[in-house]
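Visitor: Got a predicted structure plus its sequence, pasted below:
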Amino acid sequence: MSLVISEDIVQASGLSEKELILELIILLFQIKKISIGKASELAQMPLLQFQHELAIRNIPVHYDESDLEVDLKNLL
């Protein structure tokens, strides 16, 4: 499935396309729809860099056993 975001939305956000995608990924992480490992993967950045992006925004890292299990599966 692909998602098309209109140019009007991108322009209204004041963000570049890449920045807007990162913000969407961070939002999905923040509302606990994706794990931190999946979020960093989708953002195409190392986990530590993604954690830094969260820290800049004062977003706590919620990491529990289920997140660990997902991340371990992704490693295999």
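Guide: Received the coordinates, thanks.
Visitor: what residue lies at the spatial centre of the protein?
Guide: In the chain, the C-alpha nearest the mean C-alpha coordinate belongs to I25, at 2.9 Å (C-alpha atoms, centre = their mean).
Visitor: Distance-wise, check it relative to L54.
Guide: 11 Å (C-beta to C-beta, to the nearest Å). All C-beta spots, glycine's among them, are computed from the backbone N, C-alpha and C.
Visitor: Repeat that for L76.
Guide: Taken as C-beta to C-beta, the span from L76 to L54 is 25 Å.
Visitor: In terms of neighbours, single out the busier of these two.
Guide: L54 (17 against 4; other C-beta atoms under 10 Å).
Visitor: where's that one, which helix or strand?
Guide: helix 47-56 (DSSP states H and E).
Visitor: and what of I21?
Guide: Per DSSP H and E: helix 17-30 holds I21.
Visitor: which residues are in contact with the following helix or strand past that helix?
Guide: Using DSSP H and E, the helix or strand that directly follows helix 17-30 along the chain is helix 36-42. Helix 36-42 is contacted from outside by 25-26, 28-29, 34, 46-47, 49-51, 61-63, 67, 70-71, 74, using C-beta atoms under 8 Å, 6 or more residues apart in numbering.
Visitor: Turn the buried ones among these into a named ChimeraX selection, would you?
Guide: Command for ChimeraX that selects the buried part of these, burial taken from 16 or more other C-beta atoms under 10 Å:
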select :25,26,29,34,50,51,67,71
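Visitor: what sits up against the helix or strand hosting V10?
Guide: Secondary structure assigned from DSSP H and E places V10 in helix 7-13. Residues from elsewhere that reach helix 7-13, judged by C-beta under 8 Å, 6+ apart: 16-17, 20, 23.
Visitor: repeat that with 6 Å
Guide: 17, 20 (C-beta atoms under 6 Å, 6 or more residues apart in numbering).
Visitor: ditto for stretch 45-54
Guide: Contacts of stretch 45-54 (C-beta under 6 Å, 6+ apart): 40, 43.
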